[in-house]
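Enquirer: The amino acid sequence is not available; the structure is as follows:
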């Protein structure tokens, strides 16, 4: 009897060891992943980040699968995965998507010990992605919405958001609908310039009354960067709310363009990296995240896009020095869209905008 028990015990022990070696019993597979999947915006964005991704592959031996797309399509797929075996490991996202994804429990809080470069990112930016003491994104490209203007055409260079109402600009101002990100950020900047808040209905009414007064100055309602660029190049529009990096890039191409960071406050338009909950290749994603927010990678991206960045150790090119406004003192005073309110009210704001301005 005792011998039978001993034999059964030994057989059970051997079986447990075999299961463990094969990854059975709920344990992780012994084979380590050599892949990481990231989502980036298509076109120039993908082209400009590619060299840094390739350098990472060469240094680590890991394979990076790059998926181009947009926040909306990524979010839809993440919702479907429900935080389990996510289709991406790392995504570049806008602040509103980060907020929605975090609320839906689709993002993994960043383990700072695995991302040493996280400590070099500006605090005023990182606090925007901090919930219950945990950081859910790492800032990257620090776009800012201000005023782009044709230096050779404007009778007076703008300095404030309220300068768009200047009668000397009549028929030469272009503004976007809140349905487009630049338009929503401009609306937020206007409300801020008037001392208001998006969550206050009286402040919103005041802003829309001001937009009604602006109508006589408006020549077009662009809804993408290409349309804005065409309006500026043709001289149809002299003054347009636009992003600093886009404006500086057009400057570099030879257009006689100026850019003003409004005195009342530019509006943040930040692209940030976020880790997905249920990431199949989490360890590799952490390595890639630390690489992408390093000062060298951020400088390379800045050199190509003309945007400021979030790592305080970035040394900017001569082309950007004295142009782009960066640093904790400046970033801490930026206006950020109240995306929580915007998520609920955007449809109504867009309808009101169309009624007031007659745009489409």
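Expert: Done, it's in. Please read all numbers here as calculations on a predicted model, not as lab measurements.

Enquirer: Show me the helices in the stretch 151-300 of the chain, by range?
Expert: 181-193, 201-214, 225-234, 244-252, 282-292, 295-305 (DSSP state H, counting those that start in this stretch).

Enquirer: what's the closest of these to residue 155?
Expert: With CB to CB, the closest approach to residue 155 among those belongs to helix 225-234: 16.6 Å. Any C-beta I mention is one placed from the backbone N, CA and C, and that applies to glycine too.

Enquirer: angle of that closest one against helix 181-193?
Expert: For helix 225-234 against helix 181-193, the angle by axes from the mean of the first three to the mean of the last three CA atoms, to 10 degrees is 80 degrees.

Enquirer: Pull out the buried residues from helix 225-234.
Expert: 227-229, 231-232 (16 or more other CB atoms under 10 Å).

Enquirer: hmm, back to that, identify, out of the helices of the stretch 151-300 of the chain, the most deeply packed stretch.
Expert: Greatest average neighbour count among those goes to helix 181-193 (a mean of 24), per mean count of other CB atoms under 10 Å.

Enquirer: Residues in contact with it: which ones?
Expert: 94, 145, 160-162, 175-178, 197-198, 203-204, 206-207, 210-211, 223, 228, 241-243, 262, 264-267, 269, 335-338, 342, 346, 349, 353 (CB atoms under 8 Å, 6 or more residues apart in numbering).

Enquirer: How far away from the center of its chain is it?
Expert: 16 Å (CA atoms, centre = their mean, to the nearest Å).

Enquirer: could you list every residue that touches the residue nearest the centre of the chain?
Expert: Compute the mean C-alpha point of the chain, and by CA atoms, centre = their mean the closest residue is residue 271, 1.9 Å away. Residues near residue 271 by CB under 8 Å, 6+ apart: 41, 92-94, 140-141, 143.

Enquirer: Please report which of those residues has the highest neighbour count.
Expert: With neighbours taken as other CB atoms under 10 Å, the top of the contacts of residue 271 is residue 93, carrying 27 neighbours.

Enquirer: Return the set of residues that bridge with the spatially closest residue to the residue nearest to the centre of the chain that is not a sequence neighbour.
Expert: Nearest non-adjacent residue to residue 271, counting by CB to CB, 6 or more residues apart in numbering: residue 141, 4.4 Å away. As for beta bridges, residue 141 partners with residue 271, residue 309 under DSSP bridges.

Enquirer: pretty sure residue 141 contacts residue 292?
Expert: No: contact criterion CB atoms under 8 Å: residue 141 and residue 292 do not qualify, at 10.6 Å.

Enquirer: List the ones among the contacts of residue 271 that fall in strands.
Expert: Using DSSP state E, 92-93, 140-141, 143 are the members of the contacts of residue 271 that sit in strands.

Enquirer: Could you identify the most distant pair in those?
Expert: Top of the distance list for the ones in strands among the contacts of residue 271 (CB to CB): 93 and 143, 13.3 Å.

Enquirer: remind me which residues of the stretch 251-360 of the chain are low pLDDT?
Expert: 359-360 (pLDDT under 70).

Enquirer: quick one, strands of this structure?
Expert: Going by DSSP E, the chain shows strands at 35-40, 63-68, 90-93, 130-131, 134-135, 138-150, 173-174, 218-220, 239-243, 257-260, 267-275, 308-309.

Enquirer: and the ones you listed as a markdown table, adding distance to residue 49?
Expert: As requested, these are exported to a markdown table (distance: least, CB to CB, whole Å):
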| stretch | distance to residue 49 |
| --- | --- |
| strand 35-40 | 6 |
| strand 63-68 | 8 |
| strand 90-93 | 8 |
| strand 130-131 | 25 |
| strand 134-135 | 21 |
| strand 138-150 | 9 |
| strand 173-174 | 29 |
| strand 218-220 | 31 |
| strand 239-243 | 17 |
| strand 257-260 | 24 |
| strand 267-275 | 10 |
| strand 308-309 | 13 |
